[in-house]
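Participant: Okay, structure incoming, though there's no sequence with it:
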């Protein structure tokens, strides 16, 4: 006897999108135009060839919105992987001190990890020592990591070991323009 699970899968997909959207910051829930390179990266999640995504640009150029939007669209199209979206405050809190070892494990294991505003605060040796194993494990297992940053050069802030792993098989998108928050 063949069981048709089409309705169940559709309901599951809708619930995942709704749950993700509920976690999305209120000011980032608006409609907008997703950059073509970011959309292309999102489509490669399905065949596991996405690699990392680094969104760079000045303050207020919709880098964080792009990370949420691309993942919401991927979920809407049926992406089944686990997604961990961390704001600068959340990942900074995770690496402490004291370090939240459970969250560090979750960061290593998520199918897609987003680190917002990486490099916005000076990283010290402690921070790099905790971040490197996360980025290294993700690199070794070909798990996509999304990073947003205002910095033009992440090497200086992150160190070459972390930035080399992030840059490997990476899509880099420069979102340039005026501060959209200033005009709102």
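Facilitator: Right, received. Where do you want to start? Every value quoted in this text rests on a predicted model; they were computed, and no experiment measured them.
Participant: and the longest helix for this protein?
Facilitator: Longest helix in the chain by number of residues (criterion: DSSP state H): helix 6-23.
Participant: what does the average pLDDT come to for the helix or strand that that helix is followed by?
Facilitator: Using DSSP states H and E, the next helix or strand after helix 6-23 towards the C-terminus is helix 36-43. Over the span of helix 36-43, the pLDDT mean works out to 98.
Participant: List the buried residues of helix 36-43.
Facilitator: The neighbour-count check on helix 36-43 (16 or more other CB atoms under 10 Å) flags 37, 38, 41, 42 as buried. C-beta: built from backbone N, CA, C; applies to glycine.
Participant: Can you tell me which of those is closest to residue 11?
Facilitator: residue 42 (22.6 Å; CB to CB).
Participant: one step back: please tabulate the buried residues of helix 36-43 in TSV, including the columns distance to residue 168.
Facilitator: TSV is the format used below for the buried residues of helix 36-43 (distance: CB to CB, whole Å):
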residue	distance to residue 168
37	17
38	19
41	15
42	19
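Participant: Pick out whichever of these sits closest to residue 25.
Facilitator: residue 38 (17.8 Å).
Participant: So that closest one sits against residue 63, correct?
Facilitator: No. At 9.7 Å, residue 38 does not count as touching residue 63 under the criterion of CB atoms under 8 Å.
Participant: which one is residue 78 nearest to, not counting chain neighbours?
Facilitator: For residue 78, ignoring the flanking residues on the chain, the nearest one in space by CB to CB, 6 or more residues apart in numbering is residue 13 at 5.7 Å.
Participant: Report the contact partners of the one you found.
Facilitator: By CB atoms under 8 Å, 6 or more residues apart in numbering, residue 13 lies in contact with 75, 76, 78.
Participant: neighbour-wise, which of these leads?
Facilitator: Going through the contacts of residue 13 with other CB atoms under 10 Å as the criterion, the one with the most neighbours is residue 75, at 21 neighbours.
Participant: Do you know the pLDDT at it?
Facilitator: In the prediction, the pLDDT value recorded for residue 75 is 98.
Participant: So it lies in a strand, does it not?
Facilitator: No. Residue state for residue 75 (DSSP: H, G, I helix; E, B strand; the rest coil) corresponds to helix; a strand is not indicated.
Participant: Centroid-nearest residue for this structure?
Facilitator: Nearest residue to the geometric centre of the chain (CA atoms, centre = their mean): residue 114, 2.1 Å.
Participant: All good on my end, thank you.
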